[in-house]
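Enquirer: Below are the sequence and a predicted model for it; my questions follow.
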Amino acid sequence: MVASPKHFLDISRAAAEELHRILQAAHEMKAARSGRPQGFIEPDRPLENRILAMIFEKPSTRTRVSFDVAMRQMGGQSMLLSGNDLQLGRGETVADTARVLSRFVDAIMIRTFEQSKLTELAEFATVPVINGLTDATHPCQVMADVMTLQEKKGDLSNLTVAWSGDSNNVTNSWMHAAGCFGFDLRIASPEPLQPASEILDWCKQNNANVTVTEDPQAAVAGADCVVADVWLSIHEEGQGTKHNLLKPYQVNSALMAVAKPDAVFMHCLPAHRGEEVTADVIDGPQSVVFDEAENRLHVQKAILAWCLSGIL
């Protein structure tokens, strides 16, 4: 009997001990590369002769480059496919695409819009599928964020993370992470932009300590980490309305001042300085945004190793 592939679809769909294994491997991989040149390939080449297909229906910098470099550093290869490159753009089903790609490659990473497309791809693929981002969640990003928080703060169980702004796909993955890693998460969003009831129900069922408020000062007070994201996601419309709602949620020096003195600031990037965060915060000493960006690489390597059976 052929074993089912090990997909990485969401933080909420992996066991906590497996998530900890992935992060531990990411820390070890990062430490092993200390002092090495960027192009250094792992000596044991754990992904030699493995090929990753990367499907992008949304623009990308960090996801695209980190997965590509991750494969190369571990001795594998990747191929980049846009929606226009595939027959998906001309009506071929996701199921057929999954079946065909599974005959050619060893794993598939997709960055897309609908969560249902990711789910269907995983249902019919016979190789691991990785969620590079959907409109619902962004698990690889938040795994890198959690890794960064571990580097800066150590044990997460007594930490408080504050989110200020629109509740989006990254927020949803932070909520999943709160349930799996045990930190407190406070979300400050205007009422129309607060998390959906379905994910709040998931938090209750999984003992995630998540609170939602309309008051950014209350959310950030005494926090160990403050997180922001762009006010408009890719291809999203309605700039005027959302910007007016979100102006009070900008992360600036006044808001950071109510967090702990040693609090760190996180942002998954790209950032719009002067909108969701001011330049003095994102470019200041409390910002760890470029450590987050680097850690995408190490987490991606660990996720690939976990997905491809027998490596992690």
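Expert: Now that the structure is in, tell me what you want to look at.
Enquirer: ok, residue 280 - contacts?
Expert: 252-253 (C-beta atoms under 8 Å, 6 or more residues apart in numbering). No exception for glycine: its C-beta is placed from N, CA and C like everyone else's.
Enquirer: Averaged pLDDT, stretch 253-261. What do you get?
Expert: In this model, stretch 253-261 has a mean pLDDT of 98.
Enquirer: what's next to it, contact-wise?
Expert: So stretch 253-261 is contacted by 162, 164, 216-217, 220-224, 226, 263, 265, 278, 280-281, 284, 286 (C-beta under 8 Å, 6+ apart).
Enquirer: buried sites along it?
Expert: Residues of stretch 253-261 classed as buried by neighbour count (16 or more other C-beta atoms under 10 Å): 255-256, 258-260.
Enquirer: And that stretch, end to end?
Expert: Start-to-end span of stretch 253-261 (C-alpha to C-alpha, to the nearest Å) is 12 Å.
Enquirer: what's the distance between it and the middle of its chain?
Expert: 25 Å (C-alpha atoms, centre = their mean, to the nearest Å).
Enquirer: Same question for stretch 93-107.
Expert: Centroid separation for stretch 93-107 versus its chain: 24 Å, with C-alpha atoms, centre = their mean.
Enquirer: okay, the helix or strand containing residue 281 in CSV with CA atoms only?
Expert: Per DSSP states H and E: residue 281 is located in helix 279-282. Taking Å, rounded to 0.1, in the frame of the first residue of the first chain, the C-alpha atoms of helix 279-282 are listed here in CSV:
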residue,chain,number,x,y,z
ALA,A,279,9.3,54.3,8.9
ASP,A,280,10.8,55.0,12.4
VAL,A,281,9.3,51.7,13.7
ILE,A,282,10.0,49.4,10.8
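Enquirer: Looking at the contacts of stretch 253-261, which are in helices?
Expert: Members of those lying in helices (criterion: DSSP state H): 216-217, 220, 280-281.
Enquirer: if we can go back for a sec, buried residues of the helix holding residue 281, list them for me.
Expert: 281-282.
Enquirer: and after it, which helix or strand comes next?
Expert: Using DSSP H and E, the helix or strand that follows helix 279-282 in sequence is helix 289-307.
Enquirer: what number of residues lie near the nearest residue to residue 9 once chain neighbours are set aside?
Expert: In this structure, residue 9 finds its nearest non-sequential neighbour in residue 131, 5.0 Å apart by C-beta to C-beta, 6 or more residues apart in numbering. The burial count assigned to residue 131 is 27, neighbours taken as other C-beta atoms under 10 Å.
Enquirer: what's residue 131 in contact with, if anything?
Expert: Residue 131 touches 8-10, 110, 118, 137-140, counting by C-beta under 8 Å, 6+ apart.
Enquirer: can you list the residues that contact the strand or helix carrying residue 170?
Expert: Assigned by DSSP H and E, residue 170 falls within helix 169-181. Outside helix 169-181, the residues that touch it by C-beta under 8 Å, 6+ apart are 10-12, 14, 16, 19, 133-139, 141-143, 145-146, 156-157, 161, 163, 183-185, 187, 189, 195, 199, 202-203, 206-210, 227, 229, 233, 268.
Enquirer: sorry, back to before: A strand includes the residue nearest to residue 9, no?
Expert: Yes: counting by DSSP: H, G, I helix; E, B strand; the rest coil, residue 131 falls inside a strand.
Enquirer: low-confidence ranges in the protein?
Expert: Within the chain, the segments meeting pLDDT under 70 span 1-2, 89-90, 234-240, 309.
Enquirer: Kindly recompute the last result at 90.
Expert: Scanning the chain with the threshold set as pLDDT under 90 gives 1-4, 33-45, 59, 82-92, 232-241, 243, 309-312.
Enquirer: ok, which stretches of the stretch 51-200 of the chain are strands?
Expert: For the stretch 51-200 of the chain, applying DSSP state E, counting those that start in this stretch gives strands covering 51-56, 77-82, 107-111, 129-133, 160-164, 184-188.
Enquirer: Dump those strands into a markdown table; add distance to residue 245 as well.
Expert: Converted to a markdown table, those look like this (distance: least, C-beta to C-beta, whole Å):
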| stretch | distance to residue 245 |
| --- | --- |
| strand 51-56 | 30 |
| strand 77-82 | 33 |
| strand 107-111 | 27 |
| strand 129-133 | 23 |
| strand 160-164 | 13 |
| strand 184-188 | 12 |
